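In: Sharing a model prediction with you, sequence too.
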Amino acid sequence: MVVEIIVDREKCIGCGRCYDVCPKGPLIWTKDENGKYYAYNVEYCHNCKFCAGRCPTNAIKVLVKKE
């Protein structure tokens with residue numbers, strides 16, 4: 001399973017809910033220089049989609065790609 005996490009930086013408000021709810025938050029999420037979150041390492045993502053469900057602006061999409 002290959003997971004891709006897409007964050008629409010225009011919609012992201014930097015609230016950190018994606019980071020907080022993610023079981024692997026520190027391993028997957030980080031902030032950019034504008035305080036907006038993005039997934040920098042999806043290797044640890046197990047496709048729970050908690051981040052997408054918690055995002056108040058619907059800025060996150062989690063896609064599963066077949067290898």
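Out: That came through fine.
In: how about the helix or strand harbouring Ile6: buried residues?
Out: If you go by DSSP states H and E, Ile6 is part of strand 2-7. Burial within strand 2-7, assessed by neighbour count using 16 or more other C-beta atoms under 10 Å, is assigned to 3, 5, 7. In short, each C-beta sits where N, CA and C put it, glycine included.
In: Could you do stretch 22-37 as well?
Out: 22, 25, 28-29, 36-37.
In: Tabulate the buried residues of strand 2-7 (CSV), appending pLDDT and distance to Ile13.
Out: CSV is the format used below for these (pLDDT from 0 to 100; distance: C-beta to C-beta, whole Å):
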residue, pLDDT, distance to Ile13
Val3, 92, 23
Ile5, 96, 17
Val7, 97, 11
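In: Quick one: low-confidence residue ranges for this protein.
Out: Along the chain, the model assigns pLDDT under 70 to residues 67.
In: Next up, the contacts around the closest residue to Asn41 other than its chain neighbours.
Out: The shortest distance from Asn41 to any non-neighbouring residue, by C-beta to C-beta, 6 or more residues apart in numbering, is to Ile28 (5.6 Å). By C-beta atoms under 8 Å, 6 or more residues apart in numbering, Ile28 lies in contact with 5, 22, 39-42, 44-45.
In: for this protein, what spans make up the helices?
Out: Ranges of helices within the chain are 17-21, 25-28, 50-54, based on DSSP state H.
In: Can I get the ones you listed in TSV including distance to Lys11?
Out: Formatted as TSV, the helices of the chain follow (distance: least, C-beta to C-beta, whole Å):
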stretch	distance to Lys11
helix 17-21	12
helix 25-28	19
helix 50-54	12
